[in-house]
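# prediction below, plus the sequence it came from.
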Amino acid sequence: MKTNAWGAVGVIVAVWIGGCAHVQEPSREPSREDTAMSAGAPAALDGAALAESKECMSCHSVEVDKIGPGFRNVARRFADLNNGRELLVNVIRTGTDSATAFWHWGSIKMPSDASRAPVNEAEANALVDYIFSLK
């Protein structure tokens, strides 16, 4: 009688998988990040809708750089800066093609507020909340 080596391997794998099915992950208390993410989820959704309505997504995307930088890249660069929020609120409101912006990202400047949909202070802060939630 011949023994099939693959049959024995299959039995071992089946026993191993079956044993793993009963293993549970240790439970943990929710971290501050978990709590903040769940608390910020509605704000992030509102931020996404606001970004669409203000036509931000014409030049930006969440993941990749297009004409403007991707929001996730912006979050990575500015979320941990002491003045990151203030910088982004200013840029969102005035663009980088204005006298109040002392820097810009890439070779194409963000149009001034006169040549795109206007964004007030509250909207700019909501957009920054949304962008920072993507980090």
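Happy to help now that I have it. Remember, predicted model here, so these are calculated numbers, not experimental data. Residues are numbered from 1 along each chain as shown.

# what is the burial count for residue 135?
Neighbourhood size, residue 135 [other C-beta atoms under 10 Å]: 14. C-beta: built from backbone N, CA, C; applies to glycine.

# so what's it up against?
By C-beta atoms under 8 Å, 6 or more residues apart in numbering, residue 135 lies in contact with 72, 75-76, 79.

# out of those residues, which are buried?
72, 75, 79 (16 or more other C-beta atoms under 10 Å).

# touching, the first one and residue 132? I think so.
The one in question is residue 72. No: between residue 72 and residue 132 there is no contact under C-beta atoms under 8 Å: 10.3 Å.

# nearest to residue 107, of the buried ones among the contacts of residue 135?
residue 72 (20.2 Å; C-beta to C-beta).

# can you put the contacts of residue 135 in a markdown table and add distance to residue 55 and pLDDT?
Formatted as a markdown table, the contacts of residue 135 follow (distance: C-beta to C-beta, whole Å; pLDDT from 0 to 100):
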| residue | distance to residue 55 | pLDDT |
| --- | --- | --- |
| 72 | 19 | 96 |
| 75 | 20 | 95 |
| 76 | 23 | 94 |
| 79 | 23 | 91 |
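
# out of those, the closest to residue 127 would be?
residue 75 (11.4 Å).

# who does the host helix or strand of the closest one touch, helix- and strand-wise?
Per DSSP states H and E: residue 75 is located in helix 71-78. Helix 71-78 makes packing contacts with helix 84-94, helix 121-133 when contacts are defined by 3 or more C-beta pairs under 8 Å, 6 or more residues apart in numbering; DSSP states H and E.

# nearest spatial neighbour of residue 97, skipping sequence neighbours?
Nearest residue to residue 97 in three dimensions, chain neighbours excluded: residue 109, at 4.0 Å (C-beta to C-beta, 6 or more residues apart in numbering).

# cool, and residue 84?
residue 78 (3.6 Å).

# same thing with residue 61?
residue 70 (5.3 Å).

# quick one: contacts for the one you found?
Counted by C-beta under 8 Å, 6+ apart, residue 70 has contacts 60-64.
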